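Engineer: Okay, predicted coordinates and the sequence, questions at the end:
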Amino acid sequence: MHIAVTGSIATDHLMTFPGKFTDQLIADKLDKVSLSFLVDELAIRRGGVAANIAFGLGLLGLRPLLVGAVGADFDEYRRWLEEHGVRTVGVRESLLRHTARFVCTTDADGNQIGSFYAGAMAEDAEIKIAPLAAEHGIDLVLIGAGDPGAMVVHTTECRETGLKFAADPSQQLARILDDEQVRALVDGADYLFGNEYEEALIERKSGWSSAEILARVRVRITTLGSAGARIEQQGQPPVMVPAVPDAKPADPTGSGDAFRSGFLAAVAWGLPLERAAQLGNLMAVHALECTGPQEYNLKPGPLADRFAAAYGDAAAAEVASYLPA
């Protein structure tokens with residue numbers, strides 16, 4: 001299976017605040033918040049939802065096609081991605097705007113406050129998916145969080161041309177105010193990704209119940225943090241997949257993206273959905289234990305050993321046979 005990944009391509013500016021955001025919030029003054037957090041650290045990292053997912057898929061040997069718009073400042077980032085197995089021929093360079101920026105502060109409890117500057121991402125809707133899919137033999141398009149208009153355009157194009165797609169609106173659900181847009185992003189998806197909060201937000205904004213959503217998508221995957229992940233399909237009991245034990249969190253940024261790369265890699269290999277969520281959890285831990293969403297690396301031996309410790313020898317052997325040398 002050949003996978004294309006659309007969505008944001010950005011540079012992340014990641015900071016850490018040693019206290020708790022909640023200690024600074026005054027309940028009866030939340031309508032007039034004025035806060036500044038003195039942070040301890042600043043790390044500048046490569047990021048963006050689409051680039052993060054493509055990076056993980058590349059490490060797993062899948063050669064994904066990255067699709068999105070960037071600025072003239074992207075050359076070094078492009079080389080990095082290509083060195084890690086990502087095809088960037090679907091990346092368009094803007095003549096007017098810089099590559100997007102994500103600025104995020106994480107507190108001592110792992111809570112985050114972030115801002116995102118779209119930059120060249122505003123031109124994503126001008127990229128046509130169908131010709132790229134035909135030229136590069138794409139079987140599945142992941143529609144990741146990016147420019148909301150582009151997300152709808154890409155999803156509509158996939159639906160109209162019969163391309164299978166995975167819906168992953170995630171962070172952009174806060175920006176998408178139109179209920180019809182949310183429905184358009186979800187309806188007909190082969191896979192729908194989200195965390196628990198996003199799951200509830202999709203249901204509230206779409207006006208569809210959980211059962212109605214399951215009738216419109218083939219598989220719904222909900223990440224549950226330290227509780228692992230849940231897989232749902234219409235007419236079948238949910239499958240609960242526990243998290244990898246003994247994780248040592250350093251920075252949660254990009255862990256959800258890493259989960260998606262692991263899940264989709266296993267799907268591309270033809271493995272069962274439970275195994276896909278297990279590999280997703282393992283990839284998420286790799287990202288979680290590093291500062292920055294693309295700072296982890298994979299070594300097949302240690303990866304298989306950790307998989308076995310978490311999910312058993314038989315499961316590890318099944319996945320290990322697909323891992324790149």
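Structural biologist: Perfect, thanks for sending it. Numbering: from 1, shown residues only.

Engineer: After the lengthiest helix in the chain, which helix or strand is next? Please name it.
Structural biologist: Secondary structure of the chain per DSSP state H: the longest helix is helix 273-288. For helix 273-288, the following helix or strand on the C-terminal side (DSSP states H and E) is helix 300-311.

Engineer: Mind exporting the C-alpha coordinates of the least confident helix or strand in the chain by mean pLDDT to CSV?
Structural biologist: Lowest mean confidence among the helices and strands of the chain (mean pLDDT, DSSP states H and E): strand 112-117, at a mean of 86. Only the C-alpha atoms of strand 112-117 are listed here, as CSV (Å, rounded to 0.1, in the frame of the first residue of the first chain):
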residue,chain,number,x,y,z
GLN,A,112,0.0,22.6,26.4
ILE,A,113,-0.8,26.1,25.1
GLY,A,114,0.1,26.6,21.5
SER,A,115,-0.4,29.0,18.6
PHE,A,116,0.0,28.1,14.9
TYR,A,117,0.9,30.5,12.0
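
Engineer: got a list of contacts for that strand?
Structural biologist: 8, 10, 21, 37, 100-106, 171, 252-253 (Cβ atoms under 8 Å, 6 or more residues apart in numbering). To be clear about C-beta, it is placed using only N, CA and C from the backbone, and glycine gets the same treatment.

Engineer: Now list the buried members of the residues you listed.
Structural biologist: 8, 10, 21, 100-106, 171, 252-253 (16 or more other Cβ atoms under 10 Å).

Engineer: Quick one: which of the residues you listed has the lowest pLDDT value?
Structural biologist: Within the buried ones among the contacts of strand 112-117, pLDDT reaches its minimum at Gln171, with 76.

Engineer: Just the pLDDT for the closest residue to it other than its chain neighbours.
Structural biologist: Excluding the flanking residues, the one nearest Gln171 by Cβ to Cβ, 6 or more residues apart in numbering is Ala145, at 4.7 Å. Looking at Ala145, its pLDDT stands at 92.

Engineer: With the one 5 residues further on instead?
Structural biologist: Predicted confidence (pLDDT) at Ala150: the value is 94.

Engineer: just the one 10 residues further on next, same as before
Structural biologist: According to the per-residue confidence, Glu160 scores 95 in pLDDT.

Engineer: which residues are contacting the helix or strand hosting it?
Structural biologist: Counting by DSSP H and E, the element that carries Glu160 is helix 148-161. Helix 148-161 is contacted from outside by 6-7, 121, 124-125, 127-130, 133, 141, 143, 145, 163-165, 167, 169, 172, 175-176, 181, 184-185, 187-188, using Cβ under 8 Å, 6+ apart.

Engineer: Of the residues you listed, which belong to helices?
Structural biologist: Using DSSP H, the contacts of helix 148-161 in helices are Ile129, Ala130, Ala133, Gln181, Ala184, Leu185.

Engineer: how about the strands in the stretch 1-150 of the chain?
Structural biologist: Residue ranges of the strands in the stretch 1-150 of the chain, as given by DSSP state E, counting those that start in this stretch, are 3-6, 10-16, 41-47, 65-70, 87-93, 100-106, 112-117, 140-144.

Engineer: Would you convert those strands into JSON lines that also reports distance to Val239?
Structural biologist: Compiled in JSON lines, those are given as follows (distance: least, Cβ to Cβ, whole Å):
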{"stretch": "strand 3-6", "distance to Val239": "22"}
{"stretch": "strand 10-16", "distance to Val239": "32"}
{"stretch": "strand 41-47", "distance to Val239": "30"}
{"stretch": "strand 65-70", "distance to Val239": "29"}
{"stretch": "strand 87-93", "distance to Val239": "32"}
{"stretch": "strand 100-106", "distance to Val239": "31"}
{"stretch": "strand 112-117", "distance to Val239": "28"}
{"stretch": "strand 140-144", "distance to Val239": "20"}
